[in-house]
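[1] build me a structure from this.
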Amino acid sequence: MEKPIIGITPDYSYEKTRFKISQDYTQSILEAGGIPVLLFPNSTFPSFVDGILFSGGGDIDPLRFGEEPIRENGAISPIRDAYELALCRQALEIDFPIFGICRGMQIMNIAAGGSIYQDISVQTGSSLKHNQQAPRSYATHSIQIVPHSLLDRIWQQPSIAVNSLHHQAVSRLAEGFAAAACSTDGLTEAIWQEEKEFVLGVQWHPESMHTKEQTALFRHFIEAAERHRQKRRNFTCRHPQNKR
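    The predicted structure follows:
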């Protein structure tokens, strides 16, 4: 039986000229029933995949969302920024299943015309600790789920505790996106597009938590990718290419 193929964007090290990805991402995709593959920067949309996961990583160049960098903005990866933003814009245009994690959620928002806080503590004054000093699998603060959102439909509970490993966050929400969860200081912790099959971004790292709730996010993502694969296969069967 065929399984949906999920493309994952890896991080990139300029110092080592090397792409890298945490095993947590690939393992989460495998356990949810998908086949993970890495997507490397190129100008062609990866039509062979059935869904795209934008993974976490370093900071995004503020010039990409119309701002000058403040001192607290961290290391950036121009090659990754350019590829992921272009890829995400293409995927959003064609209603492709998308799952963004941490930086990946911020990429989704910027690609659609939104912006982010370069540093939460400096630009919002929040006293909530968003960059935890605890194991990645451990939940350190709670979030409130927005009623009737995709997260609400998946989890069916008003709040949950998550891990937190970021110093940037969504500020101005892009047109077409809505908040799916918020932290107690009012920051957006998840975004989604209601009219799309599966377009979800979360600020925490579900791939590292291994709970039933976080596993459910990957399962719903893979199920959406499978539906996309079936639609594409059915369209190909109804409209076969002319043989020469």
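[2] can you pull out the strands in this structure?
    Ranges of strands within the chain are 5-9, 11-13, 18-20, 35-38, 51-54, 98-101, 116-117, 141-145, 159-162, 169-170, 178-183, 188-192, 199-202, based on DSSP state E.
[3] just checking: what are the partner strands of the second one?
    Same thing as strand 11-13. Partners of strand 11-13 in the sheet, by DSSP bridges, are strand 18-20 (antiparallel).
[4] list the buried residues for the partner strand?
    residue 19 (16 or more other Cβ atoms under 10 Å). Using the backbone N, CA and C atoms, a C-beta is placed for each residue, glycine as well.
[5] for the residue nearest the centre of the chain, what are its contacts?
    For the chain, the residue nearest the mean C-alpha position is residue 100 (0.4 Å; Cα atoms, centre = their mean). Contacts here follow Cβ atoms under 8 Å, 6 or more residues apart in numbering; on that basis residue 100 touches 53, 54, 88, 106, 107, 108, 200, 201, 202.
[6] who's in contact with the nearest residue to it once chain neighbours are set aside?
    Closest residue to residue 100 apart from its sequence neighbours, by Cβ to Cβ, 6 or more residues apart in numbering: residue 201 at 3.6 Å. Applying Cβ under 8 Å, 6+ apart to residue 201 gives the contacts 54, 98-101, 104-106, 108-109, 190-192.
[7] and of the residues you listed, the nearest to residue 160?
    Proximity of the contacts of residue 201 to residue 160 (Cβ to Cβ) peaks at residue 190, which lies at 10.5 Å.
[8] hmm, that closest one is touching residue 217, no?
    No - under the criterion of Cβ atoms under 8 Å, residue 190 makes no contact with residue 217, lying 9.6 Å away.
[9] okay, and the common contacts of these two?
    200, 202.
[10] what is the burial count for the closest residue to residue 131 other than its chain neighbours?
    Nearest residue to residue 131, sequence neighbours excluded (Cβ to Cβ, 6+ apart): residue 167, at 5.3 Å. If you count neighbours by other Cβ atoms under 10 Å, residue 167 ends up with 17.
[11] returning to that earlier point: can you redo the strands of the chain as CSV with distance to residue 233?
    Converted to CSV, these look like this (distance: least, Cβ to Cβ, whole Å):
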stretch, distance to residue 233
strand 5-9, 13
strand 11-13, 32
strand 18-20, 30
strand 35-38, 15
strand 51-54, 15
strand 98-101, 20
strand 116-117, 37
strand 141-145, 34
strand 159-162, 35
strand 169-170, 35
strand 178-183, 30
strand 188-192, 26
strand 199-202, 21
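[12] what's the closest of these to residue 63?
    Residue 63 lies closest to strand 116-117 among these, at 12.6 Å (Cβ to Cβ).
[13] contact partners of that closest one?
    With Cβ under 8 Å, 6+ apart as the test, strand 116-117 has contacts from 60, 65, 106, 109, 110, 123, 124, 168, 169, 170, 171.
[14] next, work out how far apart the second one and residue 185 are.
    In this structure, residue 65 and residue 185 are separated by 21 Å, where distance is defined by Cβ to Cβ, to the nearest Å.
[15] and the longest helix anywhere in the chain, how far from the chain's centre?
    As assigned by DSSP state H, the longest helix anywhere in the chain is helix 212-238. Between the centre of helix 212-238 and the centre of its chain there are 16 Å (Cα atoms, centre = their mean, to the nearest Å).
[16] by contact count, what packs against it?
    In this structure, helix 212-238 packs against strand 5-9, helix 23-31, strand 51-54, strand 98-101, helix 150-155, strand 199-202, with contacts taken as 3 or more Cβ pairs under 8 Å, 6 or more residues apart in numbering; DSSP states H and E.
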